[in-house]
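In: Any chance you can model this:
(one chain, ligands or ions: 1)
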Amino acid sequence: MRDYQNFIGGQFVPSSGTERVEVFNPSTGALICTVPESTAEDVERAIEAAAKAQPAWASRPAIERAKPLRVLAQKIREHKEELARIITEEQGKVLPLARTEVDFTADYIDYMAEWARRIEGEVIESDRPGEMILLLRQPIGVVAGILPWNFPFFLIARKMAPALVTGNTIVIKPSEETPHNAVKFCELVMESGLPAGVFNVVHGRGPTVGHALASSPKIGMVSFTGSVETGAAVMAAAAPNITKVNLELGGKAPAIVMADADIDLAVRAIKASRIINSGQVCNCAERIYVQRQVADEFIDKFVAAMRAARYGDPLADPTVDYGPLINREGFEKVDRLVRSAVAAGAQVLTGGKRGQGEGGYFYEPTVLVNCRQDMEIIRKETFGPVAPIIVFDEFEEAIALANDSDYGLTSSIYTRDLNTALRAARMLQFGETYINRENFEAMQGFHAGWRKSGIGGADGKHGLYEYTQTHVVYIQT
Ligand code: NAD
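Out: Residues are numbered from 1 along each chain as shown. Below you'll find the predicted structure:
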């Protein structure tokens, strides 16, 4: 058991307070480590370090900012196995997925570093003779990155890499559930050649540390990933300073299975969506709409596939398909939503209860039929291995049901008809639509939710430019 520190100004430093946050293995309940429950003074110190480092960092050519990022990506690859085990131990995902997360993180940092030579402004035609109008893209200053626990290691990179390559410095607050991987990230930052103060981490809970970051007048932008409720609190905290917010929030993705779909493909992809990371992924299919002609076939095959999914402690048994839910609160939410669906008339075809496993918050792979659009299980983000199914008759009906949601992050449709696929792509009101494939975004895409799923987005060129502000210069010659 280790007691870790904050990472401020290029070194690990003790908190000014004495409170600690304990971190547990969700599979066994064992205590892994502690991190500081940081104080407002610690947050201020980190912001000061980031602000001090920012002008010199921004004045480097972008390609020079990219170099330490590339070193960091390489260091991450060299420590892949150790990092994957840390992620699995504190977050509960299976090792193959943790390894994918580590690889993806390194690739993501390299991808963002590659933008160094491609960051472009614009030259705009003027109405005046002899005048030039330049649109420059400049850094915002100090960015605060507030993270959830479900892809804790990757999300550090998703915020720090675009922020740093565009000339900002950053203060990260990891989730209090999964801070250990962030400590390791800091150790690798120390070996990467990034100047002191460019990258900082302050540990602690949301209402204290997260709030202190979001409400600071010295923060130029808050890049937040988490739930809708917390996103609203972050926005409110940022409002008095008119601080820019970038919000990546929850989802309730619909998956539509048309009668002409490749049913086996749909079963495989939707099962993967419900099982991956124990169903705790913002973009994965959380409600299934299947066309009546193929409903029996789909449901039979889907129930069999879900029943075959094995769960357990991923470090004790590397062959399991998924691990525990993150904590008691997460477990109780899933259980409550399933019970409320059953009380409202849904039928459990498999699962529907706590899984076996000492100490761990395991939930059985669960399939519910006879669901209705007004049920909580269809309207609220569940974040568990639970698949509620609704049968529909017409394409337009499925689209209307899919769009009827507070969330608008991702959506998917399974069909062999190109026309149906393209009509759905046009009519589905979501930031992403996956056609005949599992839900997972690419780093060169743009992950940005509609409605309550967020403001702004991440990844690709558009995600990179979120970390810049424009400066228009008029030059009369
Ligand atoms: P959460 O909202 O509970 O917490 C997220 C972070 O916010 C944590 O670091 C927490 O400490 C902090 N926080 C809590 N209260 C705060 C406050 N008042 N002020 C500032 N910060 C505060 O979310 P979670 O349970 O960690 O993560 C799960 C959620 O994240 C799900 O809703 C999921 O859909 C969402 N998510 C979205 C994306 C996306 O890209 N859209 C990706 C991953 C996860």
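In: and whichever strand or helix holds residue 273, what does it pack onto?
Out: Counting by DSSP states H and E, the element that carries residue 273 is helix 263-275. Packing partners of helix 263-275 (3 or more CB pairs under 8 Å, 6 or more residues apart in numbering; DSSP states H and E): strand 253-257, strand 285-291, helix 292-307, strand 386-392, strand 410-414. All C-beta spots, glycine's among them, are computed from the backbone N, C-alpha and C.
In: Find the residue closest to residue 77 in space, skipping its chain neighbours.
Out: Among residues not flanking residue 77 along the chain, residue 106 sits closest, at 4.9 Å (CB to CB, 6 or more residues apart in numbering).
In: who does the one helix or strand the one you found maps to touch, helix- and strand-wise?
Out: For residue 106, the host element (DSSP H and E) is helix 95-114. Packing partners of helix 95-114 (3+ CB pairs under 8 Å, 6+ apart): helix 62-78, helix 80-91, helix 152-165.
In: and this protein, what are its domains?
Out: Split into domains by automatic domain parsing, the chain comes to 2-249+453-476, 253-442.
In: Which among those is found nearest to the ligand?
Out: domain 2-249+453-476 (2.0 Å; CB to the nearest ligand atom).
In: follow-up on the earlier one: residues in contact with the residue nearest to residue 77?
Out: The contact partners of residue 106, taken as CB atoms under 8 Å, 6 or more residues apart in numbering, are 73, 74, 76, 77.
In: By neighbours, which of those wins?
Out: For the contacts of residue 106, counting by other CB atoms under 10 Å, the largest number of neighbours falls to residue 76: 24 neighbours.
In: Pretty sure it sits against residue 99.
Out: No. Taking contacts as CB atoms under 8 Å, residue 76 lies outside contact range of residue 99: 11.6 Å.
In: Check the contacts of residue 106 one by one and keep those near the ligand.
Out: For the ligand, no contacts are drawn from the contacts of residue 106 by CB under 6 Å from any ligand atom.
In: Would you mind putting those residues into JSON lines with pLDDT alongside?
Out: Shown next, in JSON lines, are those (pLDDT from 0 to 100):
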{"residue": "73", "pLDDT": "98"}
{"residue": "74", "pLDDT": "98"}
{"residue": "76", "pLDDT": "98"}
{"residue": "77", "pLDDT": "98"}
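In: between these, which is nearest residue 60?
Out: Nearest to residue 60 out of those is residue 73 (CB to CB; 18.0 Å).
In: what residues does the stretch 351-477 of the chain put near the ligand?
Out: Checking the stretch 351-477 of the chain against the ligand by CB under 6 Å from any ligand atom, the hits are 381, 409, 447, 449, 454.
In: Look up the closest residue to residue 404, ignoring the ones flanking it.
Out: residue 373 (6.3 Å).
In: Now that neighbour: which helix or strand?
Out: When elements are assigned from DSSP H and E, residue 373 belongs to no helix and no strand.
In: residues in contact with it?
Out: The neighbours of residue 373, taking CB under 8 Å, 6+ apart as the test, are 379, 390, 401, 404.
In: Can you add pLDDT, secondary structure and neighbour count and give the residues you listed back as a markdown table?
Out: Shown next, in a markdown table, are the contacts of residue 373 (pLDDT from 0 to 100; DSSP: H, G, I helix; E, B strand; the rest coil; neighbours: other CB atoms under 10 Å):
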| residue | pLDDT | secondary structure | neighbour count |
| --- | --- | --- | --- |
| 379 | 98 | helix | 15 |
| 390 | 98 | strand | 22 |
| 401 | 98 | helix | 17 |
| 404 | 98 | coil | 13 |
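In: Of these, which is the nearest to residue 285?
Out: When those are compared against residue 285 (criterion: CB to CB), the nearest one is residue 390, at 12.6 Å.
In: Might you report the residue contacts of the closest one?
Out: The contact partners of residue 390, taken as CB under 8 Å, 6+ apart, are 287, 288, 289, 290, 371, 372, 373, 378, 401.
In: Filter these down to the buried ones, ChimeraX style.
Out: In ChimeraX, this line selects whichever of the contacts of residue 390 come out buried by 16 or more other CB atoms under 10 Å:
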select :287,288,289,290,371,378,401
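In: And the contacts of residue 390, which is closest to residue 137?
Out: Nearest to residue 137 among those: residue 287, at 39.3 Å, using CB to CB.
In: Just list the residues touching the closest one, thanks.
Out: Per CB under 8 Å, 6+ apart, neighbours of residue 287: 252, 253, 254, 255, 371, 377, 378, 388, 390.
In: In TSV, list these along with distance to residue 222.
Out: Below are the contacts of residue 287 laid out as TSV (distance: CB to CB, whole Å):
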residue	distance to residue 222
252	24
253	25
254	29
255	32
371	36
377	31
378	31
388	33
390	37
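In: Phi, psi for residue 219 please.
Out: phi -90, psi 130 (degrees, to the nearest 10).
In: Report pLDDT for it.
Out: On the pLDDT scale, residue 219 is placed at 98.
In: Identify the bridge partners of the closest residue in space to it that isn't next to it in sequence.
Out: In space, and not counting its chain neighbours, residue 219 is closest to residue 144: 4.7 Å by CB to CB, 6+ apart. Beta-bridge pairing for residue 144 (DSSP bridges): residue 171, residue 222.
In: tell me which parts of the stretch 151-300 of the chain are close to the ligand?
Out: Residues of the stretch 151-300 of the chain lying close to the ligand (CB under 6 Å from any ligand atom) are 173, 175-176, 205-207, 210-211, 214, 225-227, 230, 233-234, 237, 248-251, 282.
In: Filter those down to the ones in helices?
Out: By the criterion of DSSP state H, membership of those in helices covers 211, 214, 230, 233, 234, 237.
In: can you list the residues that contact the helix or strand bottoming out on mean pLDDT in the chain?
Out: Sorted by mean pLDDT, DSSP states H and E, the helices and strands of the chain end with strand 2-3, the least confident at a mean of 94. By CB under 8 Å, 6+ apart, the surrounding residues in contact with strand 2-3 are 20, 33, 34, 35.
In: Would you check which pair of those lies furthest apart?
Out: The two members of the contacts of strand 2-3 with the most space between them (CB to CB) are 20 and 33, at 9.5 Å.
In: who's more crowded, these two?
Out: residue 33 (19 against 16).
In: show me what contacts that one?
Out: Residue 33 touches 1, 2, 3, 4, 23, 179, 180, 183, counting by CB under 8 Å, 6+ apart.
In: chain center to the helix holding residue 106, what's the gap?
Out: 14 Å (CA atoms, centre = their mean, to the nearest Å).
In: And for the spatially closest residue to residue 307 that is not a sequence neighbour, the neighbour number?
Out: Counting by CB to CB, 6+ apart, residue 350 is the residue found nearest to residue 307 once chain neighbours are left out, at 5.1 Å. Counted with other CB under 10 Å, residues neighbouring residue 350 total 16.
In: now swap in residue 224 and tell me
Out: Residue 224, neighbours per other CB under 10 Å, totals 29.
In: Does it touch residue 244 like I think?
Out: No. Between residue 224 and residue 244 there is no contact under CB under 8 Å: 11.1 Å.
In: follow-up on the earlier one: next, the residue nearest to residue 404: phi, psi?
Out: Torsion angles, degrees, to the nearest 10, at residue 373: phi -60, psi -30.
In: Can you tell me what sits against the host helix or strand of residue 55?
Out: In this assignment (DSSP H and E), residue 55 forms part of helix 40-59. The contact list for helix 40-59 (CB under 8 Å, 6+ apart) reads 6, 8-9, 13, 15-17, 36, 65, 138-139, 141-142, 144, 164, 167-171, 195-198, 200-202, 204, 208-209, 212-213, 216, 218-219.
In: Done for today, thanks.
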